[in-house]
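**Q** 3D, please:
(2 chains, ligands or ions: 1)
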Amino acid sequence: MRVGLFVPCYIDQMYPDVAVATLELLEGAGLKVEFPAAQTCCGQPMANTGCNDAARPLAARFLDLFDPFDYIVCPSGSCTSMVRNHFSDLVGNDPRLASIQSRTFELCEFLHDVHPVDFSGNRFPFRVGLHQSCHGLRELRLGGDSEQMIERPDKVRSLLAQVQGLSFVELQRVDECCGFGGTFAVNERAVSVAMGEDRVQDHLEAGAEVMVASDMSCLMHLWGLISRQGSPLAVMHVAQVLAGRSPSVSVKNSIKPKAGNVL
Amino acid sequence: MATVSEHPEKAAAYIADRSRSRWHDGALWFVRSKRDRMAHSLPEWERLRSTASQIKAHTIANLPEILQQFEANAKARGVHVHWAADAQEHNEIVLEIIRKQNATRVVKSKSMLTEECHLNPHLEVNGIEVIDTDLGERIVQMRGERPSHIVLPAIHIKKEEVGETFAKYLGTEPGASDPQYLTEAARQHLRSKFLEAEVGITGVNFAIAETGGFVVCTNEGNADLGASLPRVHIACMGIEKLIPRLVDLSVFVRLLARSATGQPITTYTSHFHGPRPGCELHIVLVDNGRSRIRDSDEFRSALGCIRCGACMNTCPVFRRSGGHSYDAVVPGPIGSVLSPAADTKQHRSLPYACSLCGSCTDVCPVKIPLHHQLLTWRQQIASQGLLPVSKTAAMRAGSMLFQHPRIYALAGALGRRALRWLPKSWIYNRANPWGLDRDLPEPPVESFRSWWQTNRQGTSVDEGMKSKEAKNGK
Ligand code: SF4
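**A** Sure thing, here's the model as predicted:
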């Protein structure tokens, strides 16, 4: 079985440890993982701005690069949703699309549904505030949201819940958007910042030590605010927690000196 | 033609008063929480939503027949039925009915359609006094503002400010802010207006084709007084307000109040089935762009909107930026779908006033895929050339960069190095809107792709990598 690692561009460039942690998790689960290094960006910023002409060639490249794999796994709900839910707007007539869409998974979804992994041997003795990212929640349905009256398994939370010592703090607004929204963060800066500040405040008031999310883009925005405020809140991608990183290490984006460091 | 209005600037102005923005957010979040509890109390909630959505889809698909059926049944009940192609025609029809009565005093209960058509100013310049009788609408009317929310028109105004307004117009105690006291003052004031009025105008929540009757839902009973005290009742409605059968009504009545305010049912759900003896009942059916939306494959389902306002209460952007930042009669997610349909250029910033969180889509009782429609609007705005060149150029440049992995990798390496070494003032300045309030991530020395090359070389199947490896003699 061949697993293709789909690393969003901003993770590749700014948060490489998230990709390494993802790789460790998949390899730790006994999978053969490959990284097609000609990949860049799935085209989401362009498509979300409405510039489909600019996004189209990037979607086409994605299909070329990832078609050979049995599974395509990505540590981002938002980029996974781009492939699964929005590529049809761009390359809808490509005969490979439907099959590739059905083989593309967000990391937690993959570890929960496709290739279950037991994390009960892990330890993470911290109070965690789980930030449910919107695209994971409402486009990939990684869990049930507060608007719909539909019970759904909470995939991100249930993976984290296996980890020993990890406790969740309860937020006032369990699935409020953080305000990142891609180019929205810059285009509607005032609203975006207000949303982010409120999100951070909710986690602080709940007593979180570490804010964990399955989308690093939300965390990039929230960390930007936390750092500016000087708040004592760490942020970590769920892959980093599951791969055994400690909060102090993950604040620095750089890759740990040696891979394979499960606590 | 109206000037282009930009949401980001108006939103920033509202948010600049952080405490007001927080208070507004809290007030609407409270309503949404009530809605959540109410929705939770019905095990069949999602089934109701699906049913409502199907009924509306059916109605919109068969609208011409259903409208004709309604007209015939309403006429048979002695109702005068009028048709208006646009706002102007609507206003003229209403004015003419009023003139025929030699009337000059009108009371009007809540109706977003008359807002949309700008009926009040049209009547006022023709010498007619129009008094909005919904409390919130009356407050904004006195203040010379427009409603900021379709269900809670004065949600942006604090009770202290209502006190100031009433002191000025109704002579209440200066400084009074007790809601009970202020409401009583408004009640007395409105009572005299009800008694004087010669014509009552109401909106319509649902019109039933099968019976020719219609339903108006209010929490204050003001529509009932306005429709019952004057001799003439004019009901104004968009043509999308139809439902086929009386049994369908139960589905919508259950969804409407729960979604709007978290009540099990609105306090007054009044049915009108023809004029009272010796009185007149008029219905004005208005298109004003609705047929055009019906003709579009992308936005048709937006006509199913029952104007509950739930999408506004849930929208994190609306809650913080306030309804007036949308500069449109209907604000919030549904307004951002409908307004560009009326004038794309003027409202081109609205589909971008959205983080695409999807909460509106999941809260909507008739399952309008609001955030998908906003994304579709962005595509149309971009393809119509209505995006600023700076944005399209940036997207095109990004696309070119991402189509060339080597250049992308190089640019990334240079960018990271720049972030590490450049003086802070070069990075944090006006040219970088991100950095005005947020720190940029600490750039790592190495990208993942370069880590992969070092640590997993040889396992890659990628062509680009292979040639690179070949060059490196490996
Ligand atoms: S779009 Fe849906 S949620 Fe919004 S007002 Fe209309 S019916 Fe209510």
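**Q** OK, now which residue of the stretch 151-263 of chain A is nearest to the ligand?
**A** A:Cys177 (16.5 Å; CB to the nearest ligand atom). The way it works is simple: take the backbone N, C-alpha and C, and place the C-beta from them, glycine included.
**Q** from memory that residue sits against B:Cys354, does it?
**A** No: using CB atoms under 8 Å, A:Cys177 makes no contact with B:Cys354, being 9.8 Å away.
**Q** quick one: what helix or strand has the nearest residue to A:Glu188 once chain neighbours are set aside in it?
**A** If the residues on either side of it in the chain are set aside, A:Glu188 comes closest to B:Pro8, at 5.1 Å by CB to CB, 6 or more residues apart in numbering or on different chains. Using DSSP states H and E, B:Pro8 maps to helix B:7-16.
**Q** Now do the contacts for the residue nearest to A:Glu188.
**A** A:Asn187, A:Glu188, A:Arg189, A:Ala190, A:Val191, B:Ser349, B:Ala353 (CB atoms under 8 Å, 6 or more residues apart in numbering or on different chains).
**Q** what's the burial count for the third one?
**A** Burial of A:Arg189 is recorded as 20 neighbouring residues (other CB atoms under 10 Å in any protein chain shown).
**Q** where's it relative to A:Leu225, distance?
**A** Applying CB to CB, to the nearest Å, the value for A:Arg189 to A:Leu225 is 12 Å.
**Q** Now do the shared contacts for those two.
**A** B:Asp437.
**Q** which residue ranges form the helices in the stretch 101-250 of chain B?
**A** Using DSSP state H, counting those that start in this stretch, the helices of the stretch 101-250 of chain B run over residues B:112-116, B:119-125, B:135-142, B:159-170, B:179-196, B:222-228, B:246-261.
**Q** and B:Arg417, what is it in contact with?
**A** B:Pro443.
**Q** Point me to the residue of the stretch 1-150 of chain A nearest chain B.
**A** A:Gly50 (3.1 Å; CB to the nearest CB).
**Q** which helix of the chain spans the most residues?
**A** I went with chain A, as the question did not name one. Scanning chain A for the helix with the most residues, using DSSP state H, yields helix A:189-206.
**Q** ah, no, chain B please
**A** helix B:18-40.
**Q** Now tell me what touches the helix or strand just after it from outside.
**A** Using DSSP H and E, the helix or strand that directly follows helix B:18-40 along the chain is helix B:45-61. With contact meaning CB under 8 Å, 6+ apart, helix B:45-61 is reached by A:148-150, B:39, B:42, B:66, B:240, B:242-244, B:248, B:251-252, B:254-255, B:294, B:300-301, B:303-304, B:306, B:364-368.
**Q** quick one on the thing from earlier: got the angle for the helix holding B:Pro8 vs helix A:189-206?
**A** 40 degrees (axes from the mean of the first three to the mean of the last three CA atoms, to 10 degrees).
**Q** all strands of the stretch 51-200 of chain A, in order?
**A** For the stretch 51-200 of chain A, the strands defined by DSSP state E, counting those that start in this stretch cover A:71-74, A:104-106, A:127-131, A:167-168.
**Q** Name the residue of chain A that lies nearest to the ligand.
**A** Residue nearest to the ligand within chain A (CB to the nearest ligand atom): A:Glu147, separated by 10.0 Å.
**Q** Sticking with the spatially closest residue to that residue that is not a sequence neighbour, tell me its helix or strand.
**A** Nearest residue to A:Glu147, sequence neighbours excluded (CB to CB, 6+ apart): B:Asp362, at 3.7 Å. Using DSSP H and E, B:Asp362 sits within helix B:359-363.
**Q** Return the list of helices and strands in contact with that helix.
**A** helix B:310-314, helix B:332-342, helix B:370-383 (3 or more CB pairs under 8 Å, 6 or more residues apart in numbering or on different chains; DSSP states H and E).
**Q** What residues does chain B have near the ligand?
**A** Within chain B, the positions near the ligand by CB under 6 Å from any ligand atom are B:259, B:305-311, B:334, B:363-366, B:368, B:370.
**Q** got the contact list for stretch B:182-193?
**A** Against stretch B:182-193 from outside (CB under 8 Å, 6+ apart): B:105, B:107, B:131, B:133, B:135, B:138-139, B:159, B:162-163, B:166, B:170, B:172, B:176, B:222.
**Q** can you pull out the strands in the stretch 201-350 of chain B?
**A** Using DSSP E, counting those that start in this stretch, strands in the stretch 201-350 of chain B cover B:206-208, B:213-218, B:232-238, B:242-243, B:268-272, B:280-286.
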